[in-house]
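Asker: How does the following fold in three dimensions:
(chains A and B)
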Amino acid sequence: DTAVSQTPKYLVTQMGNDKSIKCEQNLGHDTMYWYKQDSKKFLKIMFSYNNKELIINETVPNRFSPKSPDKAHLNLHINSLELGDSAVYFCASSQDLGRSGELFFGEGSRLTVL
Amino acid sequence: AQKITQTQPGMFVQEKEAVTLDCTYDTSDPSYGLFWYKQPSSGEMIFLIYQGSYDQQNATEGRYSLNFQKARKSANLVISASQLGDSAMYFCAMREDRGSTLGRLYFGRGTQLTVWP
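Answerer: Here you go, the predicted model:
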């Protein structure tokens, strides 16, 4: 069983479109995250939810909107996609805001905006 | 200021040899955690090893060990007996435990390790 699963794994779309990436974790963790990895492989946090409450909201355009319907799910919706949004988006989860150990990452979703 | 610095963009090592990947960090928080992740060409992020700031001993996990030098703020990863499958990008990361930044990992820019036969 995959611990942190995200779909789709690949997403190719046109500029201006709206798209969503879904994430689910079956580890029973209370904290979930979205990280963005750019073309130079740099990883940076975008959002974090703890028990469905938004706790980290980095300087991200408000075209990006996370939604956490429950502790096990954290989805990312992106409006009006731009070329610069092309990246790999990683979902991750941890217990207790990461104080108890490592983040578990999903396999990543590669978004390509044409 | 960068929280995590990895000064080696690329490293090469021969199979069966040991290699050290450098990582320095910057924090004023007395409580923090340090992590190493491996990212092979397939793209997934694989957790390797963790060191807490209050841990007295260096962390070890199989062929991985973390050389933690608190005063120098360094957390180098040592891979012993390198294998071809170790070829990957390696990321050092830090978690601070204070309120304003709690819950986020700061990543370095990574070191691309190539193991040759």
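Asker: and the helix-or-strand element of chain B with minimal mean pLDDT, what other elements does it pack with?
Answerer: The helix or strand of chain B with the poorest confidence is strand B:105-107; it has a mean of 92 (mean pLDDT, DSSP states H and E). Under the contact definition 3 or more C-beta pairs under 8 Å, 6 or more residues apart in numbering or on different chains; DSSP states H and E, strand B:105-107 sits against strand A:43-50, strand B:88-96. No exception for glycine: its C-beta is placed from N, CA and C like everyone else's.
Asker: Give me whichever of those is most buried.
Answerer: When you average the neighbours per residue for each of the helices and strands packed on strand B:105-107 (mean count of other C-beta atoms under 10 Å in any protein chain shown), strand B:88-96 leads with a mean of 24.
Asker: Please save the CA atoms from that strand in CSV.
Answerer: Extracted C-alpha coordinates of strand B:88-96, given in CSV (Å, rounded to 0.1, in the frame of the first residue of the first chain):
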residue,chain,number,x,y,z
ALA,B,88,21.1,10.1,-7.0
MET,B,89,20.5,13.7,-5.8
TYR,B,90,20.9,14.0,-2.1
PHE,B,91,19.1,16.7,-0.1
CYS,B,92,19.9,18.0,3.4
ALA,B,93,17.0,19.5,5.2
MET,B,94,16.3,21.2,8.6
ARG,B,95,13.2,21.5,10.7
GLU,B,96,13.0,24.3,13.3
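Asker: In the sheet, which strands lie alongside that strand, parallel or antiparallel?
Answerer: Here strand B:88-96 is paired, per DSSP bridges, with strand B:32-39 (antiparallel), strand B:105-107 (antiparallel), strand B:111-116 (antiparallel).
Asker: Off-centre distance for it?
Answerer: Here strand B:88-96 is found 5 Å from its chain centre; the criterion is C-alpha atoms, centre = their mean, to the nearest Å.
Asker: most centrally placed residue in chain A?
Answerer: residue A:34 (3.0 Å; C-alpha atoms, centre = their mean).
Asker: rank the helices and strands packed on strand B:105-107 by mean pLDDT and give me the bottom one.
Answerer: Least confident of those, judged by mean pLDDT, is strand A:43-50 with a mean of 92.
Asker: The closest residue to residue A:32 other than its chain neighbours sits in which helix or strand?
Answerer: Excluding its sequence neighbours, the residue lying closest to residue A:32 (C-beta to C-beta, 6 or more residues apart in numbering or on different chains) is residue A:74, at 4.0 Å. If you go by DSSP states H and E, residue A:74 is part of strand A:73-78.
Asker: Remind me what that strand packs against, helices and strands.
Answerer: Under the contact rule (3+ C-beta pairs under 8 Å, 6+ apart), strand A:73-78 is packed against strand A:19-25, strand A:31-37, strand A:43-50, strand A:64-70, strand A:87-94.
Asker: got the angle for the lowest-mean-pLDDT helix or strand in chain A vs strand A:43-50?
Answerer: Across the helices and strands of chain A, mean pLDDT, DSSP H and E gives its lowest value to strand A:53-57, namely a mean of 87. Going by axes from the mean of the first three to the mean of the last three C-alpha atoms, to 10 degrees, strand A:53-57 is angled at 160 degrees with respect to strand A:43-50.
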